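>>> I'll drop the sequence and a predicted model, then ask my questions.
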Amino acid sequence: MDLREEKKLIKEAKKNPEVFGVLYDEYYSRIFGYTLKRVADLEIAQDITSETFFKALKKLWQFHWQNVPFSAWLYRITSNEIANYFRANKYKPVSLEKIPEPIVMTNPSIEILEAEQELKKHQDFLMLQKKILKLPIKYQEVITLRFFEKKKLKEIAEILGKKEGTIKSLLHRGLEKLKELME
């Protein structure tokens, strides 16, 4: 979706909340994937993703178009929600190895199955995730957005509301700390 389409949709969604569903469909899987990679817990990732879209819909009237993708605002809300979970100690890091094998249910959730398959493809992700969770949240955010979400520095700066130079610095320091943890 290009920025013109997005701007038009947001304008319509402010008048008619049902139109927000198009934005939800467009961005849900990306926001869920980012959240899952940050918290490594399926239920918490679902909760945070739901809360992100609920808050986005509820606060859509406050969103001001600045020629920046709507996803930047969603990632910012998500990052804040993740930080709230960490701060409130509602989330305790759990090893991804404890994620159960997919269970055949009468109504399996597609995003859970896709996320589990993606996580299983990368065996070193399990070890790396444990190390990343030991870093301060500010480093977790930039590393996850840069390397797992494949965001450019400019996009990360927009998402986190920081300058590009700050993002470069956080990324560099975060990688140095991660390297120390890996040794």
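That came through, no problem.

>>> I'd like the distance from residue 141 to residue 110, if you could.
26 Å (C-beta to C-beta, to the nearest Å). No exception for glycine: its C-beta is placed from N, CA and C like everyone else's.

>>> now residue 143
27 Å.

>>> so who does the spatially most central residue of the chain touch?
The residue lying closest to the centre of the chain (C-alpha atoms, centre = their mean) is residue 34, at 3.1 Å. By C-beta atoms under 8 Å, 6 or more residues apart in numbering, residue 34 lies in contact with 75, 78, 144-145, 148-149.

>>> So what's the residue count around the nearest residue to residue 132 once chain neighbours are set aside?
In space, residue 132 comes closest to residue 140 once its chain neighbours are excluded; the distance is 5.6 Å by C-beta to C-beta, 6 or more residues apart in numbering. Look at residue 140: counted by other C-beta atoms under 10 Å, it has 23 neighbours.

>>> Would you mind pulling the contact partners of the host helix or strand of residue 140?
In the assignment (DSSP states H and E), residue 140 maps to helix 137-143. By C-beta under 8 Å, 6+ apart, the surrounding residues in contact with helix 137-143 are 38, 79, 82-83, 86, 132-133, 135, 156, 160, 167, 170-171, 173-175, 177-178.

>>> How about stretch 4-20?
Residues from elsewhere that reach stretch 4-20, judged by C-beta under 8 Å, 6+ apart: 1, 22-23, 56-57, 60-61, 63, 65, 69-70.

>>> And those, which is the shakiest by pLDDT?
The lowest pLDDT within the contacts of stretch 4-20 belongs to residue 1, with 72.

>>> any idea what sits nearest that one, other than its immediate chain neighbours?
Closest residue to residue 1 apart from its sequence neighbours, by C-beta to C-beta, 6+ apart: residue 26 at 5.8 Å.

>>> just residue 78 next, same as before
With C-beta to C-beta, 6+ apart as the criterion, residue 78 has its nearest non-adjacent residue at 4.7 Å, and that residue is residue 52.

>>> Count the residues that sit near the one you found.
26.

>>> With residue 177 instead?
As a burial measure, residue 177 scores 17 neighbours (other C-beta under 10 Å).
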